[in-house]
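Asks: Here is the input, now give the coordinates:
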Amino acid sequence: MTSWGDVLSAGISAVAALGGVGVVAAGVAKVVSDHTSQKWLQANQGRLDQALETHRAELAKETETHKLTLKRQELIFQRELEAADAFMSFWRIVYPRYRHPDMDWNDACEDAAHSLGQIEKVVEEYLERHSVAISPDVRDWIERARLDAATEKFFESNPNKRPPQSAVDAAGRILDVLIEARDQILKDLRR
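Replies: Predicted coordinates for the structure are as follows:
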């Protein structure tokens, strides 16, 4: 008769045999898997290396493009800054100073009218040096001021004599346009 100890011993032997087969099967599967993946990696290593080098080259090219773009933007900003600085210098030359406590806009326009020839010259010099560094709107405004000064400067300028009304009106337009140009230049620098 078979005892419970024999049955139990036979069951444990069967489970051990099946577990051992599982361990052996897992070991064989790992060896086969490693061998297969190594073979695939060797077969595709060239394509992977080529793709990696292509990607590196594209990144290097893109980096150089960004560096050049940043350098160009830095140079353009430097020119814009110089143009703004030059505009503020010529603004101080062109804009009339207070000469008496009750001075009004018409008095300022008369003072500017006496200087239309000088204003034209200063504006021409500014445009010659800085027109590439200012926005098209600012360039048009300043060109309009230059044209007004050029067309209305032809009168006998005498500080004791009032300039013609057309020259005073032109000086007012010039000052208004230069105020707009100044504000736009400063706005452009802050963008």
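Asks: Quick test: name the residue nearest the centre of the protein.
Replies: Per C-alpha atoms, centre = their mean, the C-alpha nearest to the average position across the chain is that of Gln73, at 6.3 Å.
Asks: Name the helix or strand for it, please.
Replies: Secondary structure assignment for Gln73, by DSSP states H and E: helix 4-94.
Asks: And for Phe154?
Replies: Per DSSP H and E: Phe154 is located in neither a helix nor a strand.
Asks: Quick check: pLDDT value at it.
Replies: Looking at Phe154, its pLDDT is 88.
Asks: do the same with Gly117
Replies: Gly117 is assigned a pLDDT of 93 by the prediction.
Asks: angle of the helix or strand encompassing it against helix 4-94?
Replies: Secondary structure assigned from DSSP H and E places Gly117 in helix 116-130. Helix 116-130 runs at 150 degrees relative to helix 4-94, counting by axes from the mean of the first three to the mean of the last three C-alpha atoms, to 10 degrees.
Asks: next SSE after helix 116-130?
Replies: Using DSSP H and E, the next helix or strand after helix 116-130 towards the C-terminus is helix 136-152.
Asks: do you know how far Gly172 is from Val132?
Replies: Distance, Gly172 to Val132, using C-beta to C-beta, to the nearest Å: 29 Å. Placement of C-beta: from N, CA and C, glycine included.
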